[in-house]
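J.: no letters, just coordinates:
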């Protein structure tokens, strides 16, 4: 009987090749998940920073726990919450520049600088001005990372796993929220800062050993470095990644034939990718997620539950984490569109029911007592379905739709637009709700979710399992080239 541990090599030299080695050449595709996971530790840091106000606001109102010389007003706290989004509006342009000049890897590492500056300001704060400045610096980092991280994850992923890696953003940001929700109420103001700094430092140490995006090296015409990176990411030899590298090289060369400008973003298939991306991040913000999180305590109080608000917040944070980690496992099986449709439908139902409950509550309807469970049920439905689609997928889809040469120009604009919308919601929703009624705000969000459903149904392309070139052809780039010829 022939020894089955050997097989002849495919190029016909006749030399026996160990079959185990041949199988290893299939690669270790789990590596891309580990690398993306390490990259997204920084996303968890941002979640920690974004959720920092939840436990800190109450500490600032207590003279024995606050580092400030005076107790802040409610308006001070509202501005402190919203100023992060102001910084995030400018961060994407810094991030896009860094990604193109020093690379995706070092762009992400450099985005920790504003984080550290923000933590220093928070640690030495004696007045609200320090906290305002710290939140703005954190926002700059948020804008940088939300621009570079989806780009990095999309460029290291295989076509079949790009959706899963893109979904890591929402999953890891909820881990950051849960961490600050879980420890913030029970440790001191300074201890919260020490933990935040430690997590950022952990990212810097671990990510230092991770590879650069092969696409970046190809853009710099360094094929050898790109091959080494891709071999590391795929767990294959240089020969084993040659076919994929050649395909990537063709796409990059095609993109380098012209230099994209801001004006190119608004032309042809690029503009289609741009308005789809902007619409998705608009729906992400105007589905009402920040308003729901902002009013979480009020929602629990309205339900009549005996749970303390800090414990209730931890429970909701845990629900977010569980729901968010479902998406990476199913997004490349079910596709982006079906999850976006489910998400927009679920958030519409959740926002609509919350609006109905608060209307009945405002009218002092006797029905309220019998449906006291409704706010919590609506909240869970809303957050779970948000985490399945509208939370993670706009970023994943954005990273897939733009051609390589346009990403550096288009992604910062779309990301900045997202944070402008976030600022409008976080800063002015409380004012609108107090003047018109909370139910009006939630119903507005519900209508936006319904519009998101139909927008996705008719205009968002399915990118599951498709290469970047195939996606561009879906958007009409191929047709435009034929017309030019």
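T.: Cool, the structure landed. From a predicted model like this one, the values you see are computed outputs, not experimental measurements.

J.: next one: stretch 223-240 to chain centre, how far?
T.: Relative to the centre of its chain, stretch 223-240 is centred 27 Å away, using CA atoms, centre = their mean, to the nearest Å.

J.: same deal with stretch 337-347?
T.: Its chain's C-alpha centre and that of stretch 337-347 lie 17 Å apart, by CA atoms, centre = their mean.

J.: OK, contacts around residue 210?
T.: Applying CB atoms under 8 Å, 6 or more residues apart in numbering, one finds that residue 210 lies in contact with 35, 38, 39, 105. Heads up, the C-betas are built off the backbone N, CA and C, glycines and all.

J.: would you mind giving the residues you listed as TSV with neighbour count, distance to residue 60 and pLDDT added?
T.: Output for the contacts of residue 210, formatted as TSV (neighbours: other CB atoms under 10 Å; distance: CB to CB, whole Å; pLDDT from 0 to 100):
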residue	neighbour count	distance to residue 60	pLDDT
35	21	39	94
38	16	34	95
39	26	33	95
105	20	37	95
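
J.: touching, residue 110 and residue 98? I think so.
T.: Yes - look at residue 110 against residue 98 with CB atoms under 8 Å: they come within range, at 5.6 Å.

J.: what touches both of these two?
T.: Counting by CB under 8 Å, 6+ apart, the residues touching both residue 110 and residue 98 are residue 144.

J.: in helices only, show me the contacts of residue 210.
T.: When DSSP state H is applied, the contacts of residue 210 are split such that 35, 38, 39, 105 fall in helices.

J.: what is the rounded mean pLDDT of whichever strand or helix holds residue 354?
T.: Following DSSP states H and E, one finds residue 354 within helix 336-362. Per-residue pLDDT over helix 336-362 has a mean of 92.

J.: separation between the residue nearest to residue 455 when sequence neighbours are not counted and residue 422?
T.: Among residues not flanking residue 455 along the chain, residue 279 sits closest, at 5.8 Å (CB to CB, 6 or more residues apart in numbering). Counting by CB to CB, to the nearest Å, the gap from residue 279 to residue 422 is 15 Å.

J.: how many residues are close by the residue nearest to residue 385 when sequence neighbours are not counted?
T.: Leaving aside its chain neighbours, residue 385 sits nearest to residue 346 (2.6 Å; criterion: CB to CB, 6+ apart). Neighbour count of residue 346, defined by other CB atoms under 10 Å: 22.

J.: and residue 346, what is it in contact with?
T.: Here residue 346 is in contact with 381, 382, 384, 385, 386, 388 (criterion: CB under 8 Å, 6+ apart).

J.: strands - which of the residues you listed land there?
T.: Secondary structure from DSSP state E places none of the contacts of residue 346 in strands.

J.: and which of the residues you listed is nearest residue 85?
T.: residue 386 (17.9 Å; CB to CB).

J.: let me see the domain layout of this structure.
T.: Residue ranges for the domains of the chain, per automatic domain parsing: 30-210, 267-485.
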